[in-house]
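In: give me the fold of what follows.
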Amino acid sequence: LKQVFNKDKTFRPKRKFEPGTQKFELHKRAQASLNSGVDLKAAVQLPCGEDQNDWVAVHVVDFFNRINLIYGTVCEFCTEKSCPVMSGGPKYEYRWQDDVKYKKPTALPAPQYMNLLMDWIEVQINNENIFPTSVGKCKEE
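Out: Numbering: from 1, shown residues only. This is a model prediction of the structure:
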């Protein structure tokens, strides 16, 4: 079990914030509040004087990193043979559509679906128009 719950094992490398930047400081503040056992409502509340978009972006990236950790612990046990369908229990089946390769919702094995999903999320997070990395840089319209 020690191998399965290895905190350093991730599906993809963790996204990091550049030390010394405002987002790095917000990330540290978010981590401290989430690890301190405080009220979750207070932990996610926008700190006074901070930009709401930066605060949300930090939490989105942190959530992505945590999902990577979780997925990294189960991906070796969920193969195309053992998980032939991406489902949310017996009532729900998830199908992939990206309007490029998969133009219609397509049933895929869970590992393939998750790889496509994680790639798609990573593209969104790395898109400077959605998640600018420089302080004070506005989204171009």
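
In: going forward, measure contacts and count neighbours with C-alpha atoms only.
Out: OK.

In: what's the spacing between stretch 44-62 and its chain's center?
Out: Stretch 44-62 has its C-alpha centroid displaced from the chain centroid by 15 Å (CA atoms, centre = their mean, to the nearest Å).

In: er, stretch 103-120 I mean
Out: With CA atoms, centre = their mean, you get 15 Å for stretch 103-120.

In: pop the domain breakdown of this protein in here.
Out: 1-77, 80-129 (the TED database).

In: and the helices in the chain?
Out: Along the chain, counting by DSSP state H, helices occupy 22-35, 40-43, 52-74, 110-126.

In: to residue 133, which of these lies closest?
Out: When the helices of the chain are ranked by proximity to residue 133, the top entry is helix 22-35, at 7.9 Å, counting by CA to CA.

In: tell me the mean pLDDT for that closest one?
Out: Taken as a whole, helix 22-35 has a mean pLDDT of 69.

In: dump the domains of the chain to TSV, plus mean neighbour count.
Out: Formatted as TSV, the domains of the chain follow (neighbours: other CA atoms under 10 Å):
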stretch	mean neighbour count
domain 1-77	14
domain 80-129	14
